[in-house]
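Participant: With the sequence up front, the predicted model follows.
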Amino acid sequence: MSSNTDKPGQAPGTSFVPADSKINHEASIKYWSSLASTNSNMLGMLGTYPWYTRIELQGSKNFLTKVRRLLPGLPASGKFALGADCGAGVGRVTEGFLSHVCDVVDAVEPVRKFTDVLANSQLKTDGVVGDIYTVGLENWYPEKKYDLIWTQWCVGHLTDAQLIDYIVRCRGSLAENGLVVLKENLSTDRLGLDMFDEEDSSVTRTDEKFRQIFEAAGMVVIKSEIQTGFPKQFKLLPVKSYALRPKS
Ligand code: SAH
């Protein structure tokens with residue numbers, strides 16, 4: 001007999017297990033800690049094709065320019081005072097993008113061997129990288145006001161509830177006219193469900209799920225955009241950027 005809680009594609013009578021309930025933080029940290037802390041390995045997320053990254057970072061730059069034009073309180077150009085690179089890894093996004101648009105970028109990343117790379121980087125010596133927090137986003141309680149909180153390719157490690165709480169904390173730590181941006185892979189599941197990845201113990205969410213989470217966190221999506229320019233033959237997941245502002 002099937003029950004009301006059955007989902008399409010699910011055996012009748014079996015209970016539906018949300019993808020995020022399988023997340024295991026320890027397993028994620030173990031997975032990421034097993035990778036070498038070099039930039040090319042961090043591109044594991046994009047396969048081993050370093051040239052993609054230029055397209056991806058340029059896409060972020062263009063997206064941010066468009067978002068800034070939508071916000072009357074923001075100067076259309078010039079740098080933000082303080083940004084945060086959340087789930088920073090070894091700082092690929094900070095190096096290739098955020099350091100060009102922010103005076104100072106704080107970093108949040110739970111894997112010590114990645115934050116060690118940032119701590120010893122030229123950007124840190126130059127004062128462009130500010131404070132580095134070696135902690136998962138679920139345990140990050142921002143103590144400053146940020147103009148831009150950039151979170152890329154890491155929220156799959158948070159459960160839905162943790163992600164809502166994280167965005168609520170980000171909302172509370174925004175400077176006037178500050179922005180939260182998430183840039184993440186999207187699920188391509190035929191049935192429209194979030195997908196669980198055993199390898200790094202993460203979920204890939206649907207666009208619909210992200211929007212529910214943003215709503216629950218009291219944020220509005222002021223602009224969203226699919227990353228274009230990735231080569232089709234490698235069949236990468238769609239990547240989407242969402243710019244969020246507190247609901248007024
Ligand atoms: N944002 C970077 C790194 C992406 S790789 C980039 O785009 O290049 C995914 C990163 O998420 C890894 O550095 C991994 O250590 C980190 N991560 C794993 N669990 C996390 C958690 N709970 N909170 C924040 N980041 C996490």
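Facilitator: Perfect, thanks for sending it. Since the model is a prediction, treat every value here as computed from it, not as a measurement.
Participant: For the top helix by length along the chain, buried residues please.
Facilitator: For the chain, the helix that runs over the most residues, judged by DSSP state H, is helix 51-70. Of all the residues in helix 51-70, those buried under the rule 16 or more other C-beta atoms under 10 Å are Tyr52, Thr53, Glu56, Leu57, Gly59, Ser60, Phe63, Leu64, Val67, Arg68. In this view, the C-beta of every residue, glycine as well, is placed from N, C-alpha and C.
Participant: on contacts alone, who are the packing partners of that helix?
Facilitator: Contacts defined by 3 or more C-beta pairs under 8 Å, 6 or more residues apart in numbering; DSSP states H and E place helix 51-70 against helix 92-93, helix 99-101, strand 146-152, strand 174-185, strand 219-226, strand 239-246.
Participant: Could you tell me which residues make contact with the spatially most central residue of the chain?
Facilitator: By C-alpha atoms, centre = their mean, the mean C-alpha position of the chain lies nearest to Gln152, the distance being 2.5 Å. Contacts for Gln152 (C-beta atoms under 8 Å, 6 or more residues apart in numbering) come out as Ser60, Asp85, Cys86, Gly87, Val93, Leu182, Lys183, Glu184.
Participant: All the strands of this structure, in order from the start?
Facilitator: Taking DSSP state E to define them, one finds strands in the chain at 80-86, 102-108, 129-133, 146-152, 174-185, 195-197, 202-204, 219-226, 239-246.
Participant: Now do the third one: distance to the chain's middle.
Facilitator: Averaging C-alpha positions (C-alpha atoms, centre = their mean, to the nearest Å) puts strand 129-133 17 Å from its chain's average.
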